[in-house]
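Q: Provided below are the primary sequence and the corresponding predicted coordinates.
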Amino acid sequence: MLDLRRLRLLRELDRRGTIAAVAEALSFTASAVSQQLSVLEREAGVPLLERSGRRVALTPAGHALVTHADAVLERLELAVSELAGAREGIGGPLRIGTFPSGGPAIVPATLAELAQRHPALEPMVQEIDSARVSDGLRAGELDVALVHDYDFVPATPDTTVDQVPLLDEPMYLATGAAADTDTSWGAAARGDSLAELLGPWATAPWITARDGTTGHAMAVRACQAAGFQPRIRHQVNDFRTVLALAAIGQGAGFVPEMATAHAPEGVVLTRLPLYRRSKVAFRTGGGAHPAIAAFVAAARTAVDTTGHRGTSAGRTPH
């Protein structure tokens, strides 16, 4: 009989790539993970791993077993959801992940809605990069999370995670009003296409998210689609800082609509034909869990009542 805990380890190895990464994620030692995978191979009766020095790769049989593990763990998640639905009331801990800009814009209103509807729930929020959410959900560190992706940087498909849409919001180009008097760049940001809107800023300094983030990739690819390689001067993940730097003429940057609510004086916001899509993510099969369903409903109510869905933001477009 195959052990479910060892199947989880094999699945994590398939996703994370190294035994060390699996051990770190699940708070095991590398030797313990290796021993458990060796036991799983004996249980399976066929080689599941190919070892080459320090690296380990899954055999075809190992990949096939991961596919079955995904299905088994999804059924287990469905069973947990069904049992939770049979209990009276919704309560207990709910571990919530959120991307940074979702914190002030969505999370407080969502938690207020949850507290009103389900006071026995105990939400626990932690900030997490969207790229790490799948790992956190599979490891059991999170129950549900707010995630996002951008045009030019679609989310990587993941069979272990389900997502439901929450909010589509336009992206804005943030620049400083003083740039209009600069003859070198920014004086004629007119038009509807990405090339027409970004082209005048081709020689300007740019403010992007840190390298390795989806926000950084989106900024670079959007500029490339407009016909130029951005000259990046600042790398910051906080949209408030992007707006503040743009307002004093330190460059051009991209911000989503929800970040523009408190744009500083001196910033010019130009709506772009680009979108950021926010979603609620949870383990595959977990969507019917009462606490997860309650969070999704509360988040949608919060988005509607705070005026983010389908609205356009703050300052007069360029």
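A: Perfect, thanks for sending it.
Q: quick one, helices of the stretch 101-250 of the chain?
A: 102-105, 107-117, 133-138, 194-198, 214-225, 239-247 (DSSP state H, counting those that start in this stretch).
Q: of the ones you listed, which is nearest residue 57?
A: Closest approach to residue 57 among these (Cβ to Cβ): helix 133-138, 19.3 Å. Heads up, the C-betas are built off the backbone N, CA and C, glycines and all.
Q: got the CA positions of that closest one in PDB?
A: Extracted in PDB, the C-alpha atoms of helix 133-138 (Å, rounded to 0.1, in the frame of the first residue of the first chain):
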ATOM      1  CA  VAL A 133       1.500  30.800  -3.100                       C
ATOM      2  CA  SER A 134       1.200  27.300  -4.800                       C
ATOM      3  CA  ASP A 135       4.100  26.100  -2.600                       C
ATOM      4  CA  GLY A 136       2.400  27.500   0.500                       C
ATOM      5  CA  LEU A 137      -0.900  25.900  -0.200                       C
ATOM      6  CA  ARG A 138       0.500  22.500  -1.000                       C
END
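Q: run through who's touching it.
A: Contact partners of helix 133-138, identified using Cβ atoms under 8 Å, 6 or more residues apart in numbering, comprise 8, 11-12, 15-16, 25, 97, 128, 142-143, 145, 147, 158, 160-161, 281-283.
Q: tell me which of the helices of the stretch 101-250 of the chain sits nearest to residue 70.
A: Closest among those, once you apply Cβ to Cβ, is helix 133-138, at 10.2 Å.
Q: helices and strands of this protein: which one has the lowest mean pLDDT?
A: The helix or strand of the chain with the lowest confidence, counting by mean pLDDT, DSSP states H and E, is helix 102-105 at a mean of 80.
Q: for it, list the C-alpha coordinates in PDB.
A: What follows is helix 102-105 as a C-alpha-only set of coordinates in PDB (Å, rounded to 0.1, in the frame of the first residue of the first chain):
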ATOM      1  CA  GLY A 102      -3.900  43.500  -1.700                       C
ATOM      2  CA  GLY A 103      -3.300  44.100   2.000                       C
ATOM      3  CA  PRO A 104      -4.600  47.700   2.400                       C
ATOM      4  CA  ALA A 105      -7.000  47.500  -0.600                       C
END
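Q: starting at the chain centroid, how far to that helix?
A: When distances are taken as Cα atoms, centre = their mean, to the nearest Å, helix 102-105 is centred 13 Å away from the chain's centroid.
Q: what ranges does this protein have for its strands?
A: 49-52, 55-58, 92-98, 121-127, 144-150, 161-176, 205-208, 231-235, 252-256, 267-283 (DSSP state E).
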